[in-house]
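Asker: give me a model of this one.
(2 chains)
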Number of protein chains: 2
Amino acid sequence: MTALANNPYQSRIDAEETIAPRLDPVVYATSSAKLPADEERVRSYEHNGFVVLDDMFSEREVEYFQREAERLRCDRMLAKREETIVEPESSEIRSIFNVPQFSPIFQRLVHDTRLVGWARYLLNDDVYLHQSRLNFKPGFAGKEFYWHSDFETWHVEDGMPRMRAVSMSIALTDNKPSNGSVMLIPGSHRHYVSCGGVTPENHYRQSLRRQEYGVPSRAGLEQLAEGNEIAVSTGRAGSVLLFDCNTMHGSAGNITPYPRTNLFFVFNAMSNRLAAPASGQKPRPEFIARRRNIQSIEPIGYQADDYRQ
Amino acid sequence: MTALANNPYQSRIDAEETIAPRLDPVVYATSSAKLPADEERVRSYEHNGFVVLDDMFSEREVEYFQREAERLRCDRMLAKREETIVEPESSEIRSIFNVPQFSPIFQRLVHDTRLVGWARYLLNDDVYLHQSRLNFKPGFAGKEFYWHSDFETWHVEDGMPRMRAVSMSIALTDNKPSNGSVMLIPGSHRHYVSCGGVTPENHYRQSLRRQEYGVPSRAGLEQLAEGNEIAVSTGRAGSVLLFDCNTMHGSAGNITPYPRTNLFFVFNAMSNRLAAPASGQKPRPEFIARRRNIQSIEPIGYQADDYRQ
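Answerer: Have a look, this model is predicted:
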């Protein structure tokens, strides 16, 4: 594991916040690559930093996924594992990391051509699963998540070298305007916010519950949102939000009775595997940032009843 | 001041929560009354418990209102008064009560035929201003407000006898899906949630910041929302949300850079003036619930430049 040479994305080095242009492509595909879907969606992803695909999975498949998520949420053994994060002010489960490890169904889903095809196209490389989790935002008491770029954290705390990863959030309940759906700042992926402050050691268990480091300033957020109306990403259960690793996003709390459950996969380019964390600190656990036993994911053409279990 | 005889809307009497049908009309107007606007909007208000009117004020008027709200927000003397409520975890101003007392412009607005006409029509009576306030939900740090029926509080803590009051929330900034806009449960105004627990004395200063009593249960909220998709009330600056005093509503926090400022007037029917609080406790202050020097509001046909100051 080597440290990053000539790091262009320094952050949390106890300097003032700066906002610099992104140095990497957003869509890596060359013009001859085969499009996974219509070009308009790819252009929207490139321009805004995200796109919602609402026709990827059938109702039947979504039901299988929902049943599996519910099984995991109720698994008492799982609740005690370090992969499971609970809400700060209650004991409700907020996230389960490394989901495929606990679920043959979601293990299959990681390989599904419909997802991996998009990842391979956008990143123009073989891909692997950098991180995965099930996010539960319970009704009535789901807490907000403040603005952040995932890449900033992955770079500083995990040593992800460049912006060549794509996140996919698969809605397992309807994501409504009312129930704390993900909000994104369109175009923010084309800027890199180098945050002030430094990160304490072993910060991760706290930060997964409440972000305190790698947080952009109010002035920085205003600058990013200037002329870019913040989008609330809504979609029915089964819709998939694709977003670039550097898109600034967050979400409000959820006081409605509607729980909001999303399955979250991050595909990283094989050429973009983790180096030593830019912070110089020891790496976070494997279930948060994979660096061992990495294998390229072969796409498999699963169909609905392959998910029946 | 007499107590309520044969109180049909008991609540917080240390019993279990119950949900009972509303006993009062929603629209009191008789068929011969002159409609303030098209019938469709009145029917929508009657059916859902709220309606948004987006064409009431001109851009110029809205600018005058915005400038006046900003003047009040920055008034240092006002910040120290008891009418001013600050955010629990910062010192930012959340609400200024009894606004017309501090503002000749908003004093005029209370009398504006466009507002009072609607109130008189819906309540079919002379009306007066029961409560008024400016609500600031600042960007980045605006806190959520949990579900409540205003009438339940006004009945228990202020002695409002029946459901014969209408609230008007005038947007002074754009109310977006992203910035913590008011959410309402359609049809909830046709049910009365009698809440469990009792209210401590002098509870009001705390409750204006964070609600703890008069809070419906999760099961109760689920019942109200069953088959009634929760609405997020959005509208450009200048739009007016009219909602029945018993409509269940709340709002999420605001992490966006967009502040959300609303001017809030509550018109009550003259025949529905306050009795002694149903709780038996001493009344809350006049700036929260008016009971002295009440006069019927005469509608005045103001026009844009009447608000120039």
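
Asker: now the strands: where do they sit in chain A?
Answerer: Taking DSSP state E to define them, one finds strands in chain A at A:18-21, A:50-53, A:84-86, A:93-97, A:127-137, A:145-148, A:165-171, A:182-184, A:191-194, A:231-232, A:240-244, A:249-251, A:260-269.

Asker: could these go into a markdown table alongside mean pLDDT and mean neighbour count?
Answerer: The way it works is simple: take the backbone N, C-alpha and C, and place the C-beta from them, glycine included. Output for the strands of chain A, formatted as a markdown table (pLDDT from 0 to 100; neighbours: other Cβ atoms under 10 Å in any protein chain shown):
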| stretch | mean pLDDT | mean neighbour count |
| --- | --- | --- |
| strand A:18-21 | 94 | 12 |
| strand A:50-53 | 97 | 21 |
| strand A:84-86 | 89 | 17 |
| strand A:93-97 | 92 | 21 |
| strand A:127-137 | 96 | 24 |
| strand A:145-148 | 94 | 20 |
| strand A:165-171 | 98 | 25 |
| strand A:182-184 | 97 | 24 |
| strand A:191-194 | 95 | 22 |
| strand A:231-232 | 97 | 20 |
| strand A:240-244 | 98 | 24 |
| strand A:249-251 | 96 | 23 |
| strand A:260-269 | 97 | 24 |
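
Asker: contact residues of chain A facing chain B?
Answerer: A:139-140, A:144, A:146-147, A:176-178, A:180, A:183, A:218, A:221-222, A:225, A:230-232, A:250-258 (Cβ under 8 Å from any Cβ of the partner chain).

Asker: ok, now with 7 Å
Answerer: Taking Cβ under 7 Å from any Cβ of the partner chain as the contact definition, chain A meets chain B at A:140, A:144, A:146-147, A:177-178, A:180, A:183, A:218, A:221-222, A:225, A:230, A:232, A:250, A:252-253, A:255-257.

Asker: if we ignore the residues flanking it in sequence, what's nearest A:Leu224?
Answerer: A:Ser188 (4.6 Å; Cβ to Cβ, 6 or more residues apart in numbering or on different chains).

Asker: my read: that neighbour touches A:Gly250, true?
Answerer: No: the criterion here is Cβ atoms under 7 Å, and A:Ser188 misses it with A:Gly250 at 10.9 Å.

Asker: state which helix of chain A is the longest.
Answerer: Ranked by number of residues, the top helix in chain A under DSSP state H is helix A:59-73.

Asker: before we move on, back to that, burial measure for the residue nearest to A:Leu224, as a count.
Answerer: By other Cβ atoms under 10 Å in any protein chain shown, the residues close to A:Ser188 number 29.

Asker: what's near enough to touch it?
Answerer: Residues near A:Ser188 by Cβ atoms under 7 Å, 6 or more residues apart in numbering or on different chains: A:Gly49, A:Leu224, A:Thr247, A:Met248.

Asker: distance of the first one from chain B?
Answerer: Think A:Gly49. 16 Å (Cβ to the nearest Cβ, to the nearest Å).

Asker: retrieve the pLDDT associated with that residue.
Answerer: Note for A:Gly49: predicted pLDDT of 98.

Asker: do the same with the last one
Answerer: pLDDT recorded at A:Met248 is 98.

Asker: tally up the residues packed near it, please.
Answerer: By the measure other Cβ under 10 Å, the count of residues near A:Met248 is 28.

Asker: excluding sequence neighbours, find me the nearest residue to it.
Answerer: Leaving out its chain neighbours, the residue that sits closest to A:Met248 by Cβ to Cβ, 6+ apart is A:Ser188, at 3.8 Å.

Asker: roughly how far apart are the one you found and chain B?
Answerer: 12 Å.

Asker: equivalent analysis for A:Gln101, please.
Answerer: Computed as Cβ to the nearest Cβ, the A:Gln101 to chain B distance reads 32 Å.

Asker: compute the number of surrounding residues for that residue.
Answerer: Using other Cβ under 10 Å, A:Gln101 has 13 neighbouring residues.

Asker: could you pull up the residues touching the nearest residue to A:Asn272 once chain neighbours are set aside?
Answerer: Spatial nearest neighbour of A:Asn272, chain neighbours left out: A:Arg164 (4.2 Å); criterion: Cβ to Cβ, 6+ apart. Applying Cβ under 7 Å, 6+ apart to A:Arg164 gives the contacts A:Asp24, A:Tyr28, A:Leu123, A:Asn268, A:Ala269, A:Asn272.
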